[in-house]
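>>> would you be able to build a 3D model of this:
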Amino acid sequence: MIISKKFIKDKVLEVISNIPFLEFLKEVAGVGIVTYRVCIPESKVTYIGVGEEEIEGKI
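The predicted model follows:
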């Protein structure tokens with residue numbers, strides 16, 4: 001995975017609008033996830049539940 005050295009706001013908004021991101025958020029909220037963190041360089045995601053439980057996974 002190649003990570004851009006620049007943050008391109010217009011491109012970010014375009015990418016987010018072209019993927020089912022809102023559906024993803026609704027699904028994770030529906031199972032009790034209130035926060036998630038993605039670390040692209042480490043290919044890792046951390047989901048945090050309503051009771052502050054954490055689940056880590058690979059991306």
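
>>> with just CA atoms, put stretch 31-47 into CSV.
What follows is stretch 31-47, C-alpha atoms only, in CSV (Å, rounded to 0.1, in the frame of the first residue of the first chain):
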residue,chain,number,x,y,z
VAL,A,31,-22.8,-3.7,17.0
GLY,A,32,-21.7,-1.3,19.7
ILE,A,33,-18.6,0.2,18.1
VAL,A,34,-18.3,3.9,19.1
THR,A,35,-14.8,4.7,17.8
TYR,A,36,-12.3,3.1,15.5
ARG,A,37,-8.7,4.0,14.6
VAL,A,38,-6.9,3.0,11.4
CYS,A,39,-3.1,2.9,11.2
ILE,A,40,-2.3,2.5,7.5
PRO,A,41,1.5,2.2,7.9
GLU,A,42,1.0,-0.7,10.3
SER,A,43,-2.0,-2.2,8.4
LYS,A,44,-3.9,-2.2,11.6
VAL,A,45,-7.4,-1.1,12.8
THR,A,46,-8.6,-0.8,16.4
TYR,A,47,-12.3,-0.9,17.2
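
>>> give me the buried positions along that stretch.
By neighbour count with 16 or more other CB atoms under 10 Å, stretch 31-47 contains the buried residues 33, 47. Bear in mind the C-beta positions are built from the backbone N, C-alpha and C, glycine included.

>>> identify the residues contacting that stretch?
Here stretch 31-47 makes contact (CB atoms under 8 Å, 6 or more residues apart in numbering) with 1, 3, 28, 48-50, 54-59.

>>> hmm, 6 Å instead?
The contact list for stretch 31-47 (CB atoms under 6 Å, 6 or more residues apart in numbering) reads 3, 48-50, 54-59.

>>> now for these: which two are most distant?
Spatial extent of those (CB to CB) is set by the pair Ile3 and Val50 at 30.9 Å.

>>> who's the residue most central in space within the chain bridged to?
Residue closest to the average C-alpha location in the chain (CA atoms, centre = their mean): Val38, at 5.4 Å. Counting by DSSP bridges, Val38 is bridged to Val45.

>>> now Phe24: which helix or strand?
Using DSSP states H and E, Phe24 maps to helix 21-30.

>>> got the CA coordinates for that helix in PDB?
C-alpha atoms of helix 21-30 as PDB (Å, rounded to 0.1, in the frame of the first residue of the first chain):
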ATOM      1  CA  PHE A  21     -18.800   4.600   4.100                       C
ATOM      2  CA  LEU A  22     -22.000   5.600   5.700                       C
ATOM      3  CA  GLU A  23     -23.300   2.100   5.500                       C
ATOM      4  CA  PHE A  24     -20.100   0.900   7.200                       C
ATOM      5  CA  LEU A  25     -20.500   3.400  10.000                       C
ATOM      6  CA  LYS A  26     -24.200   2.300  10.500                       C
ATOM      7  CA  GLU A  27     -23.100  -1.400  10.700                       C
ATOM      8  CA  VAL A  28     -20.300  -0.800  13.200                       C
ATOM      9  CA  ALA A  29     -22.500   1.400  15.300                       C
ATOM     10  CA  GLY A  30     -25.200  -1.300  15.300                       C
END
